[in-house]
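Enquirer: Sharing a sequence plus its predicted fold:
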Amino acid sequence: MRYRSPCAIWRNTRTLFEETIVNRRQSLLRVIGTAALVLASGSAFAQATGYPDKPIRFVVPYPPGGGTDVIARIVQDRLRAALGQSIIIDNRGGAGGSIGTEVVARSAPDGYTVLFTLSSHTINPAIFPKLSFDTARDFEPIGIVCSLPQILVANPQFSANTLQQLISMAKEKPGSLAYASVGNGSPGHLAGEMLKLRTGTQMTHIPYRGGGPAVTDVVSGQVPLLWVSIPAAAQFVKQKQLKALAVSTVKRSAAFPDVPTVQEAGIPDFEVDSWYAMFVPAKTPRVIVDRLNAALNTVLKEPEIREKLLAQGSEAVGGTSEQLGAVVNAELPKWAKLVKDAGIKAD
């Protein structure tokens, strides 16, 4: 047998003892870490399952009176009843909806800050390449509230009464006409630029900070034309304060069945379909997403709500959060191409 000195034996024994202590310490830390994670998860789950227990803020990234604001207020009260909590609408207009959208992206993912926006949500990334948020990654979809066309309206004193007459005027005097929209990169902006591309005309785009201010200026005659969502213009068309020339969808609007589509005017391959939808910050617990989605679908099944939306030219949609996510993923490249083809730039 090989001789081992007492010192060597002591050193080996001490090493084994130290390794045992280290291993036990690491095991204890793992147990403590796991317990903390379980407790944290349990706490988060408990908070989520108790949702909502305080008022919810709906951030509308456009001024009061615009189409997005109108639709949000239609469903506001019934969602309050479905969720059992007050809903406060917070209008944060500017930068084509990007200012209010950023507010939501930077909010806590706890379900108490909800983005109520329109389809410019998938257009802005192409218009504003330096956004401080990522449309695809920084939001969790809840569901589509409704879909609707953009409508081309004019001041009643505007000489053209049809889209064909408008196009003729634009060709006779290139660059002499101007049209407004609710902002750079809005669906109305894209509809106006698509019309220019399809007809070979030139018109000046005038972006506003929302539908309310834009409608006001067209009614007063400061701007002759406006591409806007039907909810923002509906009452003014019905009261003859604006006249409607065309809608942007393939089919006519049920709210304005007498208004022709752009394609009916002889312009093929023209379609700009808008929607309003709800999002929350990314990493919002799934149980909260499902709660909001269920409440939204419950509200959209109510005949009174469907009728109110239809009166604004909108059709209730609903569906799953995954369906809204698929729409976002499909539209991002679609609108990016149009923005590039039209040479649209941020103001």
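Expert: Cool, got the structure. Numbers count the residues shown, from 1 in each chain.
Enquirer: Can you verify residue 178 is assigned to a strand?
Expert: Yes. Applying DSSP: H, G, I helix; E, B strand; the rest coil, one finds residue 178 inside a strand.
Enquirer: What are the boundaries of the strands in the stretch 1-150 of the chain?
Expert: 56-60, 87-91, 113-118, 139-154 (DSSP state E, counting those that start in this stretch).
Enquirer: Could you check the pLDDT of residue 183?
Expert: With respect to pLDDT, residue 183 scores 83.
Enquirer: before we move on, the earlier item: turn the strands of the stretch 1-150 of the chain into a markdown table, including mean pLDDT, distance to residue 79 and mean neighbour count.
Expert: C-beta: built from backbone N, CA, C; applies to glycine. Listed next are these as a markdown table, based on pLDDT from 0 to 100; distance: least, Cβ to Cβ, whole Å; neighbours: other Cβ atoms under 10 Å:
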| stretch | mean pLDDT | distance to residue 79 | mean neighbour count |
| --- | --- | --- | --- |
| strand 56-60 | 99 | 8 | 22 |
| strand 87-91 | 98 | 6 | 17 |
| strand 113-118 | 97 | 9 | 26 |
| strand 139-154 | 97 | 10 | 26 |
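Enquirer: Out of those strands, which is closest to residue 128?
Expert: Across those, residue 128 has its closest neighbour in strand 113-118 (14.5 Å, Cβ to Cβ).
Enquirer: Now do the same contact list for the closest residue to residue 83 other than its chain neighbours.
Expert: Nearest residue to residue 83 in three dimensions, chain neighbours excluded: residue 295, at 5.1 Å (Cβ to Cβ, 6 or more residues apart in numbering). Contact analysis of residue 295 by Cβ atoms under 8 Å, 6 or more residues apart in numbering lists 79, 82-83.
Enquirer: Also residue 180?
Expert: Neighbour list for residue 180: 188, 205-208, 214, 217-218, 223, 225-228 [criterion: Cβ under 8 Å, 6+ apart].
Enquirer: The protein - how does it break down into domains?
Expert: 56-148+274-342, 149-265 (automatic domain parsing).
Enquirer: Switch those domains over to a markdown table; also include distance to residue 50.
Expert: Converted to a markdown table, those look like this (distance: least, Cβ to Cβ, whole Å):
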| stretch | distance to residue 50 |
| --- | --- |
| domain 56-148+274-342 | 10 |
| domain 149-265 | 34 |
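Enquirer: Residue 221: how many residues sit nearby?
Expert: Each residue near residue 221 was counted by other Cβ atoms under 10 Å, and the total is 11.
Enquirer: Pull up the gap between it and residue 183, please.
Expert: Using Cβ to Cβ, to the nearest Å, residue 221 is found at 21 Å from residue 183.
Enquirer: ok, now residue 278?
Expert: The gap separating residue 278 from residue 183 is 20 Å, by Cβ to Cβ.
Enquirer: same question, residue 225
Expert: Taking Cβ to Cβ, one finds residue 225 at 16 Å from residue 183.
Enquirer: same thing with residue 189?
Expert: Applying Cβ to Cβ to residue 189 and residue 183 gives a distance of 7 Å.
Enquirer: My read is that residue 281 contacts residue 103, right?
Expert: No. Between residue 281 and residue 103 there is no contact under Cβ atoms under 8 Å: 10.1 Å.
Enquirer: If you count surrounding residues, which of those two has more?
Expert: Taking neighbours as other Cβ under 10 Å, residue 281 and residue 103 compare with residue 281 leading, 21 against 17.
Enquirer: For that one, list each beta-bridge partner.
Expert: residue 139 (DSSP bridges).
Enquirer: ok, back up a step: top of the contacts of residue 295 by neighbour count?
Expert: Most surrounded of the contacts of residue 295: other Cβ under 10 Å gives residue 79, at 25 neighbours.
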